[in-house]
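[1] With the sequence up front, the predicted model follows.
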Amino acid sequence: ASFELETPDHFTVGSIGPPGQRAFYLQASEAGTVVTLKAEKEQIRALGSAQLGALSTESIVALQTQQVAALGSAQVGGLETDQLAAMESADLRAMNTAALRALSTAQLDSLASEQIGALATAQVAALSTTQLANMSSEDLAALTSDQVRALSTGQIGGLSTGQMANLTSEDLQALKTEQV
């Protein structure tokens with residue numbers, strides 16, 4: 001059968017079943033017509049950034065951690081700020097460092113301080129100087145001493161006086177001489 005939806009009202013992706021035995025589905029609807037297609041995990045992975053951006057926030061949140069981990073830089077860059085903000089910290093932590101580095105300032109700003117603090121040390125260390133310089137003082141305060149210690153000299157040098165003032169004494173003690 002062939003279906004053509006000109007301007008879908010809803011587009012979602014989901015899965016049913018335990019890991020390793022999941023069935024993946026794409027679903028779209030327009031003017032009361034609902035079309036559900038069974039898809040392979042690789043087909044879900046192949047969705048482009050525009051297609052991912054068209055998914056509802058609920059659909060993005062419903063992605064399994066391994067699906068989030070498979071997203072590339074362009075796909076993560078295509079997500080809306082509300083989609084990123086709604087993601088679980090574990091899903092953000094599953095993203096590769098290149099995908100996190102692809103986040104715009106607005107996307108990174110949409111994350112809660114708790115989400116920033118929950119990132120892996122390698123993820124924080126991979127953020128660009130510009131991304132770090134645009135973080136709020138609260139976001140920087142959420143970083144652990146290990147995360148701060150992993151920052152490069154350039155990243156530390158890009159922080160404002162106000163941002164530095166919000167680092168804890170433990171964070172500052174964790175810095176290496178060459179970082180300051």
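    Thanks, I have it. Small disclaimer: the values here were computed from a predicted structure and weren't measured. Numbers count the residues shown, from 1 in each chain.

[2] Next, find the distance separating Ser15 from Thr65.
    Relative to Thr65, Ser15 is positioned 12 Å away (CB to CB, to the nearest Å). In this view, the C-beta of every residue, glycine as well, is placed from N, C-alpha and C.

[3] what stretches of the protein score poorly on pLDDT?
    The chain contains residues with pLDDT under 70 at 44-45, 53, 180.

[4] again, only using 90
    Scanning the chain for pLDDT under 90 picks out 1-79, 137, 141, 161-180.

[5] quick one: the strands in it?
    Taking DSSP state E as the test, the strands found in the chain are 10-16, 23-30, 33-39.

[6] export the ones you listed to CSV and tack on mean neighbour count?
    Below are the strands of the chain laid out as CSV (neighbours: other CB atoms under 10 Å):
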stretch, mean neighbour count
strand 10-16, 17
strand 23-30, 16
strand 33-39, 13
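
[7] which one of those lies closest to Glu80?
    Of all the strands of the chain, it is strand 10-16 that lies closest to Glu80, at 13.3 Å by CB to CB.

[8] Pull up the pairing partners for the closest one, direction included.
    Applying DSSP bridges, strand 10-16 is found paired with strand 23-30 (antiparallel).

[9] ok, now how distant is the residue most central in space within the chain from Leu47?
    Nearest to the geometric centre of the chain sits Leu92, at 4.6 Å (CA atoms, centre = their mean). With distances taken as CB to CB, Leu92 is found 19 Å from Leu47.

[10] Next: Glu80.
    Applying CB to CB, the value for Glu80 to Leu47 is 15 Å.

[11] Then Pro8?
    Counting by CB to CB - Pro8 and Leu47 are separated by 14 Å.

[12] Equivalent analysis for Ala150, please.
    Distance, Ala150 to Leu47, by CB to CB: 32 Å.

[13] same check, this time on Leu26
    9 Å.

[14] which residues are in contact with both of those two?
    Residues touching both Leu26 and Leu47 (CB atoms under 8 Å, 6 or more residues apart in numbering): Val13.

[15] For stretch 86-103, which outside residues touch it?
    Residues from elsewhere that reach stretch 86-103 (CB under 8 Å, 6+ apart): 57, 60-61, 63, 65-66, 68-69, 71-77, 84, 111, 114-115, 118-120, 122-123, 126-128, 131.

[16] Could you tell me which of those residues count as buried?
    60, 63, 68, 71-73, 75-77, 84, 111, 115, 118-120, 123, 126-128, 131 (16 or more other CB atoms under 10 Å).

[17] Which of those fall within helices?
    Ile60, Val68, Ser73, Gln75, Val76, Gly77, Leu84, Gln115, Gln123, Ala126, Gln131 (DSSP state H).
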